[in-house]
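>>> Give me a 3D structure for the following:
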Amino acid sequence: MEMRILAWLRFHRVENILLTLALLGSIAALLLLVAAGNRIMGKQAGFYGALLLVFNPVFWHSGVVSALRIQLAIASLAVAVSCWRAWQGDRFWVPRSAIVLGLAAGIRPEIGPLLFPLWAVSAWRARVRREDLCFALGAMTVAVMTWLVPAMWASGGPAGYVKACLDYLSDQASVTSGLFGSEHANATFWHLVVWTLAILPGCVLPAVLAWRVSVKSSTAGWEIGTSRIAFLALWFAPPFFFACFVHLEDPGQTLGMTAVVAVFGGYLIQRALDAIGERISRWQALFFAAAALTEAWIVDRHDAPFILIWTPVLTLALGLLLKFDRAKTQNNPPRFAAALFLLAPAVVLNLTMFNHQGWYYRAPGWSGAVLEDLNSGLALTSLEHIRNTLDIDDHAIRDVKHLAAERPGPVLVIWEHGPATWRKLAYYAPQIPIAVLEHRRIRSGSPAVAALWRGPLRLPGSSPFVQAPPGARIVWLINPRTEFYNIVQSAFAPRRAGSVLYTDLPAVPGSRALGEYHLLW
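Next up is the predicted model:
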């Protein structure tokens, strides 16, 4: 709907529409985080949480590669700030939060059931009458129907929509979930840890300074309160367990949970600033200077894994030292300067995560599958990953266009797990037909299908046979690490043109078997 509105406003190019959505969505997510954090955690916790999110590599990465997934943070924050009003006993916000939740599920349908426990407990705490609760549930149903009915209509009816959702869930979960038979469940878990909790290593210093010990009551902690802890848990836990045990594929899918972590981190910074404003070590200038020099040595002389390990250790030591020999402060250091110092570790760590090249490779001296999974999780949110993807796609599209233009005969692109995305080629070269070799489902054992696309249109047919005119040029977009690549090499010995391979078929009719598929001309 948002893309159609932008198109109606004369945004003619899809690239401009997605860029606009990414910018507006990012701004909206940050503003909502300020509002939600300040209201839920108090004072300026939301403001500092938004600063943490601004420097989060998952947030950057999603803003560049997926303008739509940014809205997972918007939906999560909008539901949370609405439910918090009801959580505090405001009955008027029970139906309002129900409507927000129903509309938010239109961004991604699992948002509805995953955040429904948060809404249900909030409504229960508001002590609304049964009639009002039924009215709120009815309002939620109406909100859901505003997007569900058009989606079902566009899918060919309720049966087609439900089948599409179940097929998607089954196929995707079979790749990432141990419950659905995936062999990569451990990698999914550690990717989830990296993408969701990347904010926390930068919050070690605020966490230490925010921790208080009460001599009178013999208590210690961050004093969040059981009510806030329960709210944050209901907000965070259901999406986390869904991602862990059912489906998680891309970093941007964690943005709803990342927003919760950012709110918590903002609370720690707010509380640490209050602690610094009350009492701080008499040796603060010496400790600050020594920590800054040590961090400069860590960043200047060592690689990224060393920085990620030892920067939190350094900030932990600094936080403990700043609790030594404390005295009342007279606005020294100024609150603004203290805030910058507290945010500095998060900035250093997140810049390192995002800008480092080579996360895919095991760091020297590291061993074990867990560290490899953490390494690959960081790689998938890095600037290098974005640039590599762009380079691969740009070169492939350029080479295919060149091969199609240099001869007058027909050209057919055959794609099978190619390094470049076939949909991008279909968008930027809509005149070139593309045979996408796939299976009816992602799970192994599913029948092979050669789907023929021309631009945005899929042509009729769902068999494993690919047909081409005699003498046509076949451009192969295939992955050299797959068995299909070896099959093509044996059958055709294709020639290389830049980043792609091609074969000029004989002028007489013929056929070749390509594993599960058959090429006829």
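>>> Go ahead and measure how far the helix or strand hosting residue 286 is from the middle of the chain.
Per DSSP states H and E: residue 286 is located in helix 284-301. Centroid displacement of helix 284-301 relative to its chain, using CA atoms, centre = their mean, to the nearest Å, is 33 Å.
>>> Just the CA atoms of it, as CSV, please.
C-alpha atoms of helix 284-301 as CSV (Å, rounded to 0.1, in the frame of the first residue of the first chain):
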residue,chain,number,x,y,z
GLN,A,284,38.0,10.2,36.9
ALA,A,285,40.3,12.3,34.7
LEU,A,286,43.1,9.8,35.0
PHE,A,287,40.9,6.8,34.4
PHE,A,288,39.2,8.4,31.4
ALA,A,289,42.5,9.4,29.8
ALA,A,290,44.0,5.9,30.4
ALA,A,291,41.0,4.2,28.9
ALA,A,292,41.0,6.4,25.9
LEU,A,293,44.7,5.8,25.2
THR,A,294,44.3,2.1,25.7
GLU,A,295,41.3,1.9,23.4
ALA,A,296,43.3,3.9,20.8
TRP,A,297,46.0,1.3,21.0
ILE,A,298,43.5,-1.5,20.7
VAL,A,299,41.9,0.0,17.6
ASP,A,300,45.2,1.1,15.9
ARG,A,301,47.3,-2.0,16.5
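>>> What helices and strands are in contact with the helix or strand following that helix?
The helix or strand immediately downstream of helix 284-301 is helix 304-321, counting by DSSP H and E. On a contact count with 3 or more CB pairs under 8 Å, 6 or more residues apart in numbering; DSSP states H and E, helix 304-321 meets helix 204-210, helix 284-301, helix 335-355. C-beta coordinates here come from the backbone N, C-alpha and C atoms, glycine included.
>>> for the shortest one, packing partners?
Okay, so that is helix 204-210. Judged by 3+ CB pairs under 8 Å, 6+ apart, helix 204-210 is in contact with helix 255-278, helix 304-321, helix 335-355.
>>> Name the surrounding residues that touch that helix.
Residues outside helix 204-210 that contact it (CB atoms under 8 Å, 6 or more residues apart in numbering): 222, 265, 267-269, 271-272, 275-276, 312, 315-316, 318-320, 322-323, 342, 345.
>>> now the angle between helix 335-355 and the helix holding residue 286, please.
20 degrees (axes from the mean of the first three to the mean of the last three CA atoms, to 10 degrees).
>>> List the buried residues in helix 284-301.
284, 287-288, 291, 295, 298-299 (16 or more other CB atoms under 10 Å).
>>> hey, what's the closest residue to residue 324 other than its chain neighbours bridged with?
Excluding its sequence neighbours, the residue lying closest to residue 324 (CB to CB, 6 or more residues apart in numbering) is residue 281, at 5.3 Å. Applying DSSP bridges to residue 281 gives these bridge partners: residue 326.
>>> From residue 98, how far out is residue 281?
Residue 281 is 50 Å from residue 98, where distance means CB to CB, to the nearest Å.
>>> the more surrounded of those two?
A direct count of neighbours by other CB atoms under 10 Å for residue 281 and residue 98 places residue 98 higher, at 30 against 18.
>>> got the angle between the helix or strand hosting that one and helix 255-278?
Using DSSP H and E, residue 98 maps to helix 93-104. In terms of direction (the same axes, to 10 degrees), helix 93-104 departs from helix 255-278 by 130 degrees.
>>> counting contacts, what elements does the helix or strand just after helix 93-104 pack onto?
Next along the chain after helix 93-104, taking DSSP H and E as the criterion, comes helix 111-125. Here helix 111-125 touches helix 70-87, helix 93-104, helix 130-154, helix 226-245, going by 3+ CB pairs under 8 Å, 6+ apart.
>>> Check the offset of the first one from the chain's centre.
This points to helix 70-87. 18 Å.
>>> for the third one, same thing?
For helix 130-154, the distance from its own C-alpha centre to the chain's C-alpha centre is 28 Å (CA atoms, centre = their mean).
>>> who's in contact with it?
1, 91, 94-95, 98-103, 105-106, 112, 123, 128, 158, 160-161.
>>> now it against helix 93-104, angle please.
10 degrees.
>>> Run a quick neighbour tally on residue 70.
Using other CB under 10 Å, residue 70 has 22 other residues around it.
>>> can you start the count at 325 instead of 1 from here on
Renumbered: residue one is now 325, and that last one reads residue 394.
>>> any idea how far residue 345 is from it?
The value you get for residue 394 to residue 345, if CB to CB is used, is 8 Å.
>>> where in this protein is pLDDT low?
Applying pLDDT under 70 to the chain flags residues 538-543, 654-655, 685-692, 764-770.
>>> how's it carved up into domains?
The chain breaks down into these domains under automatic domain parsing: 326-590, 721-844.
>>> what about the longest one, distance to the chain center?
What that stands for is domain 326-590. The answer for domain 326-590 is 12 Å, by CA atoms, centre = their mean.
>>> And residue 793, which helix or strand is it part of?
With DSSP H and E as the test, residue 793 turns up in no helix or strand.
>>> I'd guessed it sits against residue 843; true?
No. Residue 793 is not in contact with residue 843 according to CB atoms under 8 Å; the separation is 12.0 Å.
>>> More neighbours: which of those two?
residue 843 (23 against 13).
>>> Can you tell me how far residue 419 is from residue 468?
Taken as CB to CB, the span from residue 419 to residue 468 is 14 Å.
>>> Report the buried residues of stretch 336-352.
341-342, 344-346, 348-350, 352.
>>> And the contacts of that stretch?
326-327, 330-331, 335, 383, 387-388, 391-392, 394-395, 398, 751.
>>> how about those residues in CSV, adding distance to residue 627?
Below are the contacts of stretch 336-352 laid out as CSV (distance: CB to CB, whole Å):
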residue, distance to residue 627
326, 42
327, 42
330, 43
331, 46
335, 43
383, 24
387, 27
388, 24
391, 33
392, 34
394, 31
395, 36
398, 36
751, 38
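>>> Dump those to a markdown table, plus secondary structure and distance to residue 521.
Shown next, in a markdown table, are the contacts of stretch 336-352 (DSSP: H, G, I helix; E, B strand; the rest coil; distance: CB to CB, whole Å):
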| residue | secondary structure | distance to residue 521 |
| --- | --- | --- |
| 326 | helix | 30 |
| 327 | helix | 32 |
| 330 | helix | 34 |
| 331 | helix | 38 |
| 335 | coil | 36 |
| 383 | helix | 14 |
| 387 | helix | 19 |
| 388 | helix | 21 |
| 391 | coil | 24 |
| 392 | coil | 23 |
| 394 | helix | 19 |
| 395 | helix | 22 |
| 398 | helix | 21 |
| 751 | helix | 35 |
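>>> could the domains of the chain go into TSV alongside distance to residue 656?
Shown next, in TSV, are the domains of the chain (distance: least, CB to CB, whole Å):
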stretch	distance to residue 656
domain 326-590	15
domain 721-844	55
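>>> rewinding a little: selection in PyMOL covering whichever of the contacts of helix 528-534 are buried, please.
To isolate the buried ones among these in PyMOL, judged by 16+ other CB under 10 Å, type:
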select buried, resi 546+589+591+592+593+595+596+599+600+636+639+642+643+646+647+666+669
